[in-house]
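# With the input below, show me the fold.
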Amino acid sequence: MGFAGDGRGGLQAVVATMTRILDQLQIDHRNMRQLLWTLEEQIDAYRAGAAADFDLMRQIVDYLLHYPTLIHHPREDLLFRRLLARRPAAGAVIGDLVGEHVRLAQLAQRFAAAVHNVAADAELPRAWFEALARDLVTTTERHMAAEEKELFPMLLAWLEDGDWGELDAHVTAKNDPLFGSSIENHFLSLHQRVVGARL
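Numbering: from 1, shown residues only. Presented below is the predicted three-dimensional model:
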């Protein structure tokens, strides 16, 4: 990575920008893992024949379709495209990250429809519903792990200081409706559940 900056102050500014962008992506991943664990708890209860909280599941999938799909993944897409412009060979290692984001959104949409139908007492095979939920969980976890292992180190290694400055202008701060400073009413009970699990 090159630091052309304007001396020590320029270098510090670039490092601060890099740290802020990558730290936020890591925080997003941590939050999503917490949600996936919560979803797994509900699916385990559903499999055991216990009462599952479908309203909680609906909030989880609503969040996945909102913040990760509309904010988190587009941020990663910007970084990925800039990396490919700098280092085309990175695509062979990382694969089609943008395409994976599209597939994750489609999987979340399918699960959202399934949750809606089950909550409305539609007859769906329990094994099918469980398999769909676990596919969403494992696919998302595998995707995040690959990003942390392959993508993030490559961003640090190959993006230039000018890249980080330009990307920072596009990675505008948007409130996370579940984990941010202002929690949306729709996510209040899920927020309380997740925060309670962290204590």
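
# got the contact list for the nearest residue to Ile21 once chain neighbours are set aside?
Of all residues not flanking Ile21 in the chain, Val171 sits nearest, at 5.8 Å (CB to CB, 6 or more residues apart in numbering). The C-beta positions use only the backbone N, C-alpha and C, and glycine is treated the same way. Residues near Val171 by CB atoms under 8 Å, 6 or more residues apart in numbering: 21, 24, 75, 78.

# Once you drop chain neighbours, what's closest to the third one?
Read that as Arg75. Closest residue to Arg75 apart from its sequence neighbours, by CB to CB, 6+ apart: Val171 at 5.2 Å.

# if I look at that neighbour, how far off is Thr139?
Computed as CB to CB, to the nearest Å, the Val171 to Thr139 distance reads 25 Å.

# If you tally nearby residues, what's the number for Val115?
Neighbour count of Val115, defined by other CB atoms under 10 Å: 25.

# got it, and the one 5 residues further on?
Residue crowding around Ala120 was assessed by other CB under 10 Å; the count is 8.

# again with Phe111
Phe111 has 23 neighbouring residues, counting by other CB under 10 Å.

# got the CA coordinates for whichever strand or helix holds it in PDB?
Secondary structure assigned from DSSP states H and E places Phe111 in helix 97-119. Only the C-alpha atoms of helix 97-119 are listed here, as PDB (Å, rounded to 0.1, in the frame of the first residue of the first chain):
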ATOM      1  CA  LEU A  97     -18.200 -11.000  -3.900                       C
ATOM      2  CA  VAL A  98     -20.800  -8.800  -5.500                       C
ATOM      3  CA  GLY A  99     -22.700 -11.800  -6.800                       C
ATOM      4  CA  GLU A 100     -22.600 -13.400  -3.400                       C
ATOM      5  CA  HIS A 101     -24.200 -10.300  -1.900                       C
ATOM      6  CA  VAL A 102     -27.000 -10.600  -4.400                       C
ATOM      7  CA  ARG A 103     -27.500 -14.300  -3.600                       C
ATOM      8  CA  LEU A 104     -27.600 -13.500   0.200                       C
ATOM      9  CA  ALA A 105     -30.300 -10.900  -0.400                       C
ATOM     10  CA  GLN A 106     -32.300 -13.400  -2.400                       C
ATOM     11  CA  LEU A 107     -31.900 -16.100   0.300                       C
ATOM     12  CA  ALA A 108     -33.000 -13.600   3.000                       C
ATOM     13  CA  GLN A 109     -36.100 -12.700   0.800                       C
ATOM     14  CA  ARG A 110     -37.000 -16.400   0.500                       C
ATOM     15  CA  PHE A 111     -36.800 -16.800   4.300                       C
ATOM     16  CA  ALA A 112     -38.800 -13.700   4.900                       C
ATOM     17  CA  ALA A 113     -41.600 -15.100   2.800                       C
ATOM     18  CA  ALA A 114     -41.400 -18.400   4.600                       C
ATOM     19  CA  VAL A 115     -41.600 -16.700   8.000                       C
ATOM     20  CA  HIS A 116     -44.600 -14.700   6.900                       C
ATOM     21  CA  ASN A 117     -46.300 -17.900   5.700                       C
ATOM     22  CA  VAL A 118     -45.600 -19.900   8.800                       C
ATOM     23  CA  ALA A 119     -46.700 -17.100  11.100                       C
END
